[in-house]
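Colleague: make a model of this:
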Amino acid sequence: MQEVLACEMVDGEAVNCKPTGTIRDCNTQRCSYWGEWGDWGDCSVTCKLGIQTRRRICLGGDECGDNDEEIKECDTEIPGCWDWTAWAAWSPCDVSCGEGTKTTSRRCEAPELPYELTKDQCIGQATKIDRCTVEGQFHTCPRKYFIIRVS
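Modeller: Sure, this is the predicted structure:
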């Protein structure tokens, strides 16, 4: 703080000075501001479309707001990307009458690489199995129980 004085000037000198107030320093702290953006991080996936992020920090305080992260898409379509083929058609039901199962399958492959190098690289199952029911075409399916007569 500084004191403010009111003085009379006599022959170039201040005389009869009286205090009239004070001056206080204000806003002496530096304002918050954003630092430079950091480098982009790695893509979130190693194959196909993912995201990358980068961050920056607030300097000189903590009043910068919430804009500390930037996000962008990244495309890692590189040779060797593997993926599932489309599911094949369902197989016929494995019974000719009644309840059975049917299957479908797909392959994990990378068109740019031999199948032997990619067959175990995909996440998920290569085969699906589901129940199926087949009724006889011209009659009902035989029952799976026997009647035994005891005399």
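Colleague: how's the chain carved up into domains?
Modeller: Following the assignment in automatic domain parsing, the chain carries domains at 36-75, 83-134.
Colleague: straight-line length of the first one, end to end?
Modeller: Using CA to CA, to the nearest Å, the gap from the first to the last residue of domain 36-75 comes to 25 Å.
Colleague: let the chain start at 195 from now.
Modeller: Happy to do that; since the first residue is 195 now, the last one works out to domain 230-269.
Colleague: chain center to it, what's the gap?
Modeller: Distance of domain 230-269 from its chain centroid, counting by CA atoms, centre = their mean, to the nearest Å, is 13 Å.
Colleague: buried set for that domain?
Modeller: Under the neighbour-count criterion of 16 or more other CB atoms under 10 Å, domain 230-269 has Cys237, Cys241, Cys258, Cys268 buried. In short, each C-beta sits where N, CA and C put it, glycine included.
Colleague: now, which of those sits nearest Thr279?
Modeller: Among the buried residues of domain 230-269, Cys241 lies closest to Thr279 (CB to CB), at 14.9 Å.
Colleague: after the helix or strand bottoming out on mean pLDDT in the chain comes which helix or strand?
Modeller: Taking all helices and strands of the chain together, the one with the lowest average confidence (mean pLDDT, DSSP states H and E) is helix 309-312, at a mean of 54. Past helix 309-312, further along toward the C-terminus, the next helix or strand under DSSP states H and E is strand 321-328.
Colleague: export that next one to PDB, keeping only CA atoms.
Modeller: Only the C-alpha atoms of strand 321-328 are listed here, as PDB (Å, rounded to 0.1, in the frame of the first residue of the first chain):
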ATOM      1  CA  THR A 321     -18.800 -70.600 -35.100                       C
ATOM      2  CA  LYS A 322     -22.400 -70.100 -33.900                       C
ATOM      3  CA  ILE A 323     -24.700 -73.000 -33.000                       C
ATOM      4  CA  ASP A 324     -28.500 -72.600 -32.700                       C
ATOM      5  CA  ARG A 325     -31.400 -75.000 -32.100                       C
ATOM      6  CA  CYS A 326     -33.700 -75.900 -34.900                       C
ATOM      7  CA  THR A 327     -36.900 -78.000 -35.300                       C
ATOM      8  CA  VAL A 328     -38.000 -80.000 -38.300                       C
END
